[in-house]
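> Quick one, fold the following:
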Amino acid sequence: MTACAIEPSADPGDNRAPRVGCSITAEGAYAARLARSGGDGGAGEAWYPERWTLDGPEPYAVPLPGNQPEEPGTEVQPMGDGRVLVHRVAAGRHLFALLYPTGPGTGELPLGAVECPADTAGLRLLPPVPGGERAYALATGPRATVLWQVAGGAFGPERVAEIPGRCSGGVWLDRAGRMLAVDRETGGRTKAVVVDLERDGEVSPLLQIAPDSDDRLLLADPDSGLVLIGSDAPSPGRERLGWGVLGSTLPVRFPECLRMPDCVVTPFAVQPGQVLTPERCAVALRVDGAFGSWVGVWRPAERQVRHLPAPEGWLAGAGLWTPDGELRLPCSTPRTPCGVARLVAPDAADAGGATGADDTNGAGGTNGAGGTTGADGEQPGNPEASAPGEPGDDPGTAGTPAAAQPRPVPLQQAPLARLVTK
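Below you'll find the predicted structure:
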């Protein structure tokens, strides 16, 4: 059977998000995607869910076809136990079920359905929860967004919280799957907020770089606290890619090397396990340009992006890092329907040279913020300048902000600050 990837449509309410070829569990053991048989586009082709096992000596795929072909827009997500959650839409109802292999066939456990008001823009699955025991979805309406738990509950889909405003995105901030960050649009501006699932969906602000800026959270690493941010604070009307650290009083930085004209740059994976050194975490970037998609590798401690050709058949936008710095990218070709390309990130050993260059403008990067936003560090010569306590200063002072350092981004005010080791 020949299989190829489908890229589901972009998130409702966030048409800037590139489409992703498959979904991977937070721990990296399983992946799931929608594949098809008969890849020639003929009448005999059929879409079906497919589960990949990634934690063994070699990856392998298990097709999970149902009694009838799936629609191309069907969402699938792997669970921690190897089952696959499927989200179908029929007659205006959102149906959820768990699929699992049963010898030559496919078992299906119906979970129930969610009915959304007619004015709801859509309902979509959130990224896999750490641990893989639960799954959540967002239903975005014109004035409010409803968070649903669609798997792992006792009685089918359960309404968790209603969040004022139109929400998009979705990033898990801790290993317990308690703190969820979403990008909320209210009053014409988009700001990232935190939803505390253990406090009945209590909402707290997370990003407030400038009063009139749009600040979205793109990616977060629970181990180091490193976050990747999209904001137009440094250049109103044009989103820039920046980084910060949860719990830190230092400003968000917008490196010039992440600014690529005529390309869409999307971070999709952060190297885990770097608890005390967020600036050394390797970040994988999907770069989409006029000539296709490729992979970028970048570290906050460095002043450059290393561009790598995408492996053949890469399910674009999908991948994960190992703690020791190996980037694993799922790939599918007619010759190898289930494969993983392994790329080793350039060692950060020479990051000392990069950080030494940052040290030249270290104080200027902080003082240039003027106590308002990290965006002001975008002045000539300062786009990547290190602040005190960041790479480029004496290693013994890392993580120790200057006494007079302002708090331009209230990351440390979020309820998850206590969960981050600094």
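
> does residue 150 really touch residue 137, like I thought?
Yes: applying CB atoms under 8 Å, one finds residue 150 in contact with residue 137, separated by 5.0 Å. All C-beta spots, glycine's among them, are computed from the backbone N, C-alpha and C.

> who touches both of these two?
Both residue 150 and residue 137 are contacted by 87, 114, 125, under the criterion CB atoms under 8 Å, 6 or more residues apart in numbering.

> Among those residues, name the ones in helices.
Residues of the shared contacts of residue 150 and residue 137 located in helices (DSSP state H): none.

> Now pLDDT and distance to residue 309 too, for those, in a markdown table please.
Shown next, in a markdown table, are those (pLDDT from 0 to 100; distance: CB to CB, whole Å):
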| residue | pLDDT | distance to residue 309 |
| --- | --- | --- |
| 87 | 96 | 33 |
| 114 | 95 | 41 |
| 125 | 97 | 30 |
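
> Which one (most neighbours) among these?
residue 125 (24 neighbours; other CB atoms under 10 Å).

> That one and residue 244: what is the separation?
According to CB to CB, to the nearest Å, residue 125 stands 27 Å off from residue 244.

> Check residue 27 too.
Taking CB to CB, one finds residue 27 at 25 Å from residue 244.

> Those two - which one has more neighbours?
Shown here are residue 27 and residue 244; by other CB under 10 Å, residue 244 has more neighbours (25 against 16).

> any idea which helix or strand carries the more buried one?
Using DSSP states H and E, residue 244 sits within strand 240-245.

> next one: residue 236
Applying DSSP H and E, one finds residue 236 in no helix or strand.

> What pLDDT does the model give it?
Note on residue 236: pLDDT of 90.

> list the contacts for it?
By CB under 8 Å, 6+ apart, the contact list for residue 236 reads 212, 213.

> Could you list the low-pLDDT ranges of this protein?
1-19, 39-44, 347-422 (pLDDT under 70).

> circling back to that earlier point, just put the shared contacts of residue 150 and residue 137 in JSON lines and tack on distance to residue 176.
Listed next are these as JSON lines, based on distance: CB to CB, whole Å:
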{"residue": "87", "distance to residue 176": "24"}
{"residue": "114", "distance to residue 176": "25"}
{"residue": "125", "distance to residue 176": "19"}
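
> and of those, the nearest to residue 108?
Relative to residue 108, the closest of those is residue 87; by CB to CB it sits at 13.2 Å.

> Break down the stretch 151-300 of the chain into its strands, ranges please.
Assignment of strands within the stretch 151-300 of the chain using DSSP state E, counting those that start in this stretch yields the ranges 158-164, 166-172, 179-186, 189-196, 202-205, 215-220, 226-231, 240-245, 264-270, 283-289, 292-298.

> Got the phi and psi for residue 250?
The phi/psi pair for residue 250 (degrees, to the nearest 10) reads phi -80, psi 150.

> surely it meets residue 243?
No: using CB under 8 Å as the test, residue 250 is too far from residue 243 to be in contact (10.5 Å).

> what's around residue 21, how many residues?
Neighbours of residue 21 using other CB under 10 Å come to 23.

> Leaving out sequence neighbours, find the closest residue to it.
residue 315 (2.8 Å; CB to CB, 6 or more residues apart in numbering).

> Tell me who's in contact with the one you found.
With contact taken as CB under 8 Å, 6+ apart, residue 315 is in contact with 5, 20, 21, 22, 33, 329, 330, 331, 332.

> Among those, which lie within strands?
33, 329, 330, 331 (DSSP state E).

> list the contacts for the last one?
With contacts taken as CB under 8 Å, 6+ apart, residue 331 has the following neighbours: 311, 312, 313, 314, 315, 339, 340, 341.
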